[in-house]
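below is the structure, and that's it, no one-letter string:
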């Protein structure tokens with residue numbers, strides 16, 4: 001009888017514990033002076049913001065939560081052009097012919113350079129980053145006009161960027177630098193970012209840049225800018241909305257230059273406001289955002305490695321005269337039929353070594369190379385990663401990158417084995433038809 005009476009109470013108690021645990025990371029009483037200043041500035045410049053949402057902290061991230069039930073189709077926010085930041089708006093506020101000339105010169109120099117990103121949006125992002133950087137450190141009347149107008153916007157550039165790999169120490173960087181495809185991506189992106197800095201320092205503004213301060217804006221501009229009507233646009237308030245690939249409850253729409261967030265289903269009181277993020281690779285996300293999305297763990301649009309390594313025939317005492325770092329000795333494993341694209345290189349090497357240069361034999365050399373790469377991943381010990389990083393977020397991100405690359409590599413190895421099996425069957429058939437001396441394949 002006693003157990004019968006107490007059992008329902010135990011169940012209720014456990015349910016309460018679960019409910020409390022699920023909300024323990026949400027601070028519903030969160031207030032922030034910088035955010036209040038941003039809100040005030042926005043409202044003074046035509047911002048519309050629903051009274052049914054409020055800023056909270058969820059797992060140490062500032063995010064919007066619903067204060068009350070929100071109906072499908074309800075407008076969550078309407079961000080007018082007046083409180084967005086674009087290169088055109090920035091130059092208009094500066095109202096400087098000299099600065100406009102420098103921007104036009106920068107575009108020309110950037111397009112000519114092979115050490116900057118070949119992407120117009122990155123030209124805008126980097127120049128806006130420089131304007132934010134210089135406005136926050138230089139006291140002139142021209143700069144002050146820009147800074148005084150956008151001063152509340154600087155609040156969104158106070159985010160923690162410590163999880164971005166470029167800020168890791170050398171021990172941490174070396175864990176992925178020479179072993180992973182992300183390591184190649186990391187080196188390439190740093191070359192591009194330093195290429196932008198060199199243009200600013202040597203040709204455009206001709207003064208030294210404080211890299212730590214500049215890169216804060218450079219990385220955060222990538223995180224907070226959107227392509228709105230083919231224009232790189234920094235929009236406040238949107239970055240306080242949680243990203244959700246699977247079940248977002250809101251969507252972003254653009255109309256007459258206004259950026260609007262609308263509910264796409266009924267939202268209950270206490271729900272986080274969510275929108276679907278842009279689909280980018282985890283390599284890109286990790287480099288610029290310091291984040292990994294589990295939903296993108298198998299999305300690998302690019303996997304850069306050398307076409308061939310000088311150590312391919314190490315086991316035979318042969319060292320190939322090949323530079324692994326040569327730009328011309330690069331391939332993308334994500335290429336369709338990657339093995340056929342690089343086959344001529346392997347045929348040429350096989351001929352120079354007086355080895356079998358048939359398609360089937362050269363596929364075998366490529367397979368041997370992929371196995372060597374796979375073995376390199378096996379040399380990475382996760383215990384060492386966890387020991388090198390002080391924060392679980394960083395070690396988990398690095399491990400996720402490594403695991404996703406290993407899985408991608410396994411798929412590519414399997415693809416090549418399937419091709420070799422088909423080729424082998426074809427060889428057997430032709431040999432049976434034409435005799436054992438048939439060796440064209």
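Thanks, I have it. If you're wondering where the values come from, they're calculated on a predicted model, not measured in any experiment. Numbers count the residues shown, from 1 in each chain.

so what's the residue count around residue 252?
For residue 252, the neighbour count with other CB atoms under 10 Å is 19. For every residue, glycine as well, the C-beta is placed using N, CA and C.

any idea how far it is from residue 216?
25 Å (CB to CB, to the nearest Å).

which residue packs closest to residue 264, ignoring adjacent ones?
Distances taken as CB to CB, 6 or more residues apart in numbering put residue 251 closest to residue 264, at 5.1 Å, once the chain neighbours are dropped.

hmm, who's touching the helix or strand containing that neighbour?
Residue 251 is part of strand 250-255, with elements assigned from DSSP states H and E. For strand 250-255, contacts defined as CB atoms under 8 Å, 6 or more residues apart in numbering pick out 76, 226, 228-229, 238, 241, 259-264, 267, 273-276.

again, but for stretch 385-403
Counting by CB under 8 Å, 6+ apart, residues outside stretch 385-403 touching it are 162-163, 168, 171-172, 175-176, 180, 182, 282-283, 286, 290-292, 294, 297, 377, 380, 382.

mind redoing it with 6 Å?
Applying CB atoms under 6 Å, 6 or more residues apart in numbering, the contact partners of stretch 385-403 are 163, 171, 172, 175, 176, 182, 286, 292, 382.

ok, stretch 112-123 next?
With contact meaning CB under 6 Å, 6+ apart, stretch 112-123 is reached by 107, 110, 191, 192, 195, 196, 232.

for the stretch 51-200 of the chain, give me the ranges with low pLDDT.
138-142 (pLDDT under 70).

please, where are all the strands along it?
Shown for the stretch 51-200 of the chain, the strands assigned by DSSP state E, counting those that start in this stretch span residues 53-58, 61-66, 75-79.

would you mark the buried spots in the shortest one?
Using 16 or more other CB atoms under 10 Å as the burial criterion, the residues of strand 75-79 that qualify are 76, 77, 78, 79.

what's the answer for the first one, then?
Burial within strand 53-58, assessed by neighbour count using 16+ other CB under 10 Å, is assigned to 53, 55, 56, 57, 58.

quick one: contacts for residue 242?
The contact partners of residue 242, taken as CB under 6 Å, 6+ apart, are 63, 272, 274.

how much space between the second one and residue 244?
I take that to be residue 272. Distance, residue 272 to residue 244, using CB to CB: 8 Å.

next one: the first one
Counting by CB to CB, the gap from residue 63 to residue 244 is 11 Å.

before we move on, back to that, how about the strands of the stretch 51-200 of the chain, which one is nearest residue 345?
With distances scored as CB to CB, the stretch of the strands of the stretch 51-200 of the chain nearest to residue 345 is strand 61-66 (46.6 Å).

next one: the residue nearest to residue 360 when sequence neighbours are not counted from residue 264, what distance?
In space, and not counting its chain neighbours, residue 360 is closest to residue 423: 5.0 Å by CB to CB, 6+ apart. According to CB to CB, residue 423 stands 50 Å off from residue 264.

repeat for residue 237
Residue 237 sits 18 Å away from residue 264, taking CB to CB as the criterion.

the more surrounded of the two?
Here residue 237 and residue 264 are compared on neighbour count by other CB under 10 Å; more neighbours surround residue 237, at 22 against 14.

correct me, but residue 177 touches residue 183?
Yes: counting by CB atoms under 6 Å, residue 177 does reach residue 183; the two are 4.3 Å apart.

the two: which has the busier surroundings?
With neighbours defined as other CB under 10 Å, residue 177 and residue 183 compare such that residue 183 has more, 19 against 16.

mind listing what the more buried one touches?
Applying CB under 6 Å, 6+ apart, one finds that residue 183 lies in contact with 176, 177.

hang on, the earlier thing: just the buried residues of the contacts of strand 250-255.
In the contacts of strand 250-255, burial by neighbour count holds for 76, 226, 228, 238, 241, 259-263, 267, 273-275, counting by 16+ other CB under 10 Å.

which of those residues scores worst on pLDDT?
Comparing pLDDT over those, the lowest score belongs to residue 228 (87).

for that one, which non-adjacent residue is closest in space?
With sequence-adjacent residues excluded and distances taken as CB to CB, 6+ apart, residue 228 is closest to residue 254, at 5.6 Å.

then residue 91?
Once chain neighbours are set aside, the closest to residue 91 by CB to CB, 6+ apart is residue 100, at 5.4 Å.

thinking again about what came up before, as TSV, the strands of the stretch 51-200 of the chain with distance to residue 200 would be great.
What follows is the strands of the stretch 51-200 of the chain, written out as TSV (distance: least, CB to CB, whole Å):
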stretch	distance to residue 200
strand 53-58	35
strand 61-66	31
strand 75-79	29
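
out of those, which is closest to residue 364?
Residue 364 lies closest, by CB to CB, to one member of those: strand 61-66, at 49.5 Å.

who touches that closest one?
Counting by CB under 6 Å, 6+ apart, 52, 53, 55, 56, 240, 241, 242, 267, 269, 271, 272, 273 sit against strand 61-66.

count the neighbours of the fifth one for me.
The burial count assigned to residue 240 is 19, neighbours taken as other CB under 10 Å.

list the contacts for it?
Contact analysis of residue 240 by CB under 6 Å, 6+ apart lists 62, 63, 64.

what do you get if the cut-off is 8 Å, keeping everything else the same?
With contact taken as CB under 8 Å, 6+ apart, residue 240 is in contact with 55, 62, 63, 64.

then residue 367?
With CB under 8 Å, 6+ apart, residue 367 has these contacts: 413, 416, 417, 420.

buried ones among these?
Using 16+ other CB under 10 Å as the threshold, 413, 416, 420 are the buried ones among those.

surely the first one meets residue 372?
By that I understand residue 413. No: with contact taken as CB atoms under 8 Å, residue 413 and residue 372 are classed as non-touching, separated by 11.2 Å.

backbone dihedrals for residue 330, please?
When quoted as degrees, to the nearest 10, the phi and psi of residue 330 stand at phi -120, psi 140.

separation between it and residue 178?
To residue 178, residue 330 is 15 Å away according to CB to CB.

cool, and residue 279?
Taken as CB to CB, the spacing of residue 279 relative to residue 178 amounts to 29 Å.

same thing with residue 342?
Residue 342 is 21 Å from residue 178, where distance means CB to CB.

between those two, which one's more packed in?
Neighbours around residue 342 and residue 178, counted as other CB under 10 Å, are more numerous at residue 342. The numbers are 20 against 12.

just the ones of the buried ones among the contacts of residue 367 in helices?
The helices in this structure, assigned by DSSP state H, contain 413, 416, 420 from those.
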